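Novice: Here is a sequence together with a model predicted from it:
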Amino acid sequence: MPTESDIGFSIVPMLSVRDGAGAVEFYKTAFCAVEVYRMEDPSGAVVSRLSVAGAEFWLTDESPEYGNFSPESLGGGTVRMILTVPDPDALFAQAVAAGARPIFAVDEAYGWRVGRVVDPFGHHWEIGHPIV
């Protein structure tokens, strides 16, 4: 049986959304995500693993029967994603052009150059990098 040291550890978020297929396309356009894995059931519900420059996250259509709700169903999210990139101004603009709504523009604060958007599915993304 594998031990903890054989397996390794990681924490990877899984986002619940109302429109999995639409979310995949949004993240491809907004963040240049690459779809690494996709499973789709006969109803069209999607489970997908996405990678943004090697940083992975999963998304799935919400399934209230299993306690998985999207921010749209809950009236907001409980977590923010932090996307660290070399050029936050450019990716922020790209996300807004793809349909994200700005929460606050990219600026310097707390030792970071950072801005925040909310995607069309209700998830908040802080896009930035530390100032060195």
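Specialist: All right, it came through fine. Bear in mind that the values here come from a model prediction, so they are computed numbers and not experimental data.

Novice: which stretches of this protein form strands?
Specialist: In the chain, the strands defined using DSSP state E lie at 14-17, 34-40, 46-52, 55-61, 80-84, 101-109, 112-118, 124-130.

Novice: and those strands, which is most packed in?
Specialist: strand 14-17 (a mean of 22; mean count of other CB atoms under 10 Å). (Each C-beta comes from the backbone N, C-alpha and C, glycine too.)

Novice: and it, what's its mean pLDDT?
Specialist: Regarding strand 14-17, the rounded mean pLDDT is 97.

Novice: just stretch 123-132 next, same as before
Specialist: pLDDT averaged over stretch 123-132 gives 95.

Novice: coming back round to it: looking at the strands of the chain, which is closest to residue 25?
Specialist: Among the strands of the chain, the nearest to residue 25 by CB to CB is strand 34-40 (9.5 Å).

Novice: quick one on the thing from earlier: mind putting the strands of the chain in a markdown table, distance to residue 23 included?
Specialist: Output for the strands of the chain, formatted as a markdown table (distance: least, CB to CB, whole Å):
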| stretch | distance to residue 23 |
| --- | --- |
| strand 14-17 | 4 |
| strand 34-40 | 11 |
| strand 46-52 | 8 |
| strand 55-61 | 5 |
| strand 80-84 | 13 |
| strand 101-109 | 15 |
| strand 112-118 | 13 |
| strand 124-130 | 13 |
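
Novice: what's the pLDDT at residue 30?
Specialist: If you check residue 30, the pLDDT there is 98.

Novice: Hmm, residue 95 and it touching each other?
Specialist: Yes. Taking CB atoms under 8 Å as the definition, residue 30 is a contact partner of residue 95 at 4.2 Å.

Novice: so where's the chain uncertain?
Specialist: 1-5 (pLDDT under 70).
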